[in-house]
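Enquirer: Just to be clear, the model below is a prediction. Sequence and coordinates:
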Amino acid sequence: MENQIKSSTNNPPVALVTGANQGVGYQIAKALAENGYIVYVGSRNLSNGEKAATEIGGQARAIQLDVTQQPSISAAAAKIQEEQGRLDLLVNNAGISHAGQPGRTLEETTVAGKATTASLDEVRTVWETNVFGVIAVTQAMLPLLRKSAAARIVNVSSALGSLTWLSDPACWAREHFGVVYGASKTALNAVTLAFAIELEKENIKVNATSPGFTATALNNFQGTDSVEVGSREPIRVALETDGPTGSFTGPDGPLPW
């Protein structure tokens with residue numbers, strides 16, 4: 001343990017958190033910085049990222065990253081390669097709940113996500129961030145993760161992606177499941193497992209975690225948990241260097257796929 005602490009002090013672990021300028025991503029980045037990580041605070045808008053990194057302090061540094069734009073992803077990977085030469089932890093946190101007008105209520109978002117009436121353009125826009133963006137960022141960062149002695153990938157998912165839970169008639173969230181946001185998280189879970197299975201032989205751990213029903217911009221701040229409470233499980237999973245791979249957990253423990 002002494003050797004681990006010594007080496008980490010001289011050679012701090014490096015993390016990238018996407019969508020880290022606010023909400024759960026911000027809290028994860030803050031916790032990582034407090035635990036001695038060099039944290040890249042990913043933000044579509046660089047000035048928002050710079051503001052967040054300044055507030056977080058420690059070794060937090062802003063990086064422009066739009067997970068839907070390949071040139072942005074490639075530039076971010078090149079920057080981390082140039083400055084650090086490796087990446088120990090990737091937290092795919094960036095996510096959107098809908099592609100409609102800002103400030104939509106949870107009820108409005110639920111109606112817009114109904115399978116029978118959802119706009120295919122909205123489905124594509126949300127999946128572009130929540131699913132394809134995660135694949136794109138993970139693939140781009142893999143060469144850097146492969147240079148780490150203990151690489152981990154954490155995908156911030158949602159219990160709303162759990163088909164087992166939602167297929168239970170007693171599930172309170174059934175009415176909120178749709179093809180826009182909910183199904184995007186189901187797809188993200190599948191993507192998580194695909195990466196976990198493939199990368200297990202390289203000892204790169206890949207896990208999905210749900211913050212619970214957290215009040216963030218994602219649901220127009222209608223969640224029941226504070227962002228601090230909601231961030232606890234993603235932070236725990238992100239900081240866990242000797243945990244499992246291919247797991248899906250939430251605030252109360254393991255979640256069914």
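Expert: Good, I have the coordinates. Numbering: from 1, shown residues only.
Enquirer: what about the stretch 51-200 of the chain, any weak spots by pLDDT?
Expert: Filtered on pLDDT under 70, the stretch 51-200 of the chain yields no residues whatsoever.
Enquirer: Can you show me the strands along it?
Expert: Counting by DSSP state E, counting those that start in this stretch, the stretch 51-200 of the chain has strands at residues 59-64, 89-92, 152-156.
Enquirer: Would you tell me which one of those is buried the most?
Expert: Of the strands of the stretch 51-200 of the chain, the one with the most neighbours on average (mean count of other C-beta atoms under 10 Å) is strand 89-92, at a mean of 28. The way it works is simple: take the backbone N, C-alpha and C, and place the C-beta from them, glycine included.
Enquirer: any idea how far that strand is from the chain center?
Expert: Chain-centre distance of strand 89-92: 7 Å, with C-alpha atoms, centre = their mean, to the nearest Å.
Enquirer: Dump the strands of the stretch 51-200 of the chain into TSV; add distance to V24 as well.
Expert: Formatted as TSV, the strands of the stretch 51-200 of the chain follow (distance: least, C-beta to C-beta, whole Å):
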stretch	distance to V24
strand 59-64	16
strand 89-92	10
strand 152-156	6
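Enquirer: So for A190, which of those sits nearest?
Expert: Of all the strands of the stretch 51-200 of the chain, strand 152-156 sits nearest to A190, with 10.8 Å by C-beta to C-beta.
Enquirer: Return the alpha-carbon coordinates of the closest one using CSV.
Expert: Below are the C-alpha coordinates for strand 152-156, written out as CSV (Å, rounded to 0.1, in the frame of the first residue of the first chain):
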residue,chain,number,x,y,z
ARG,A,152,-11.2,1.9,-15.7
ILE,A,153,-14.2,3.2,-17.7
VAL,A,154,-17.4,4.3,-15.8
ASN,A,155,-20.5,5.0,-17.8
VAL,A,156,-23.2,7.1,-16.1
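Enquirer: what sits up against it?
Expert: By C-beta atoms under 8 Å, 6 or more residues apart in numbering, the residues outside strand 152-156 that reach it are 24-25, 28, 88-93, 95, 134, 138, 145, 188, 191-192, 195, 199, 204-211, 234, 237-238, 240-241.
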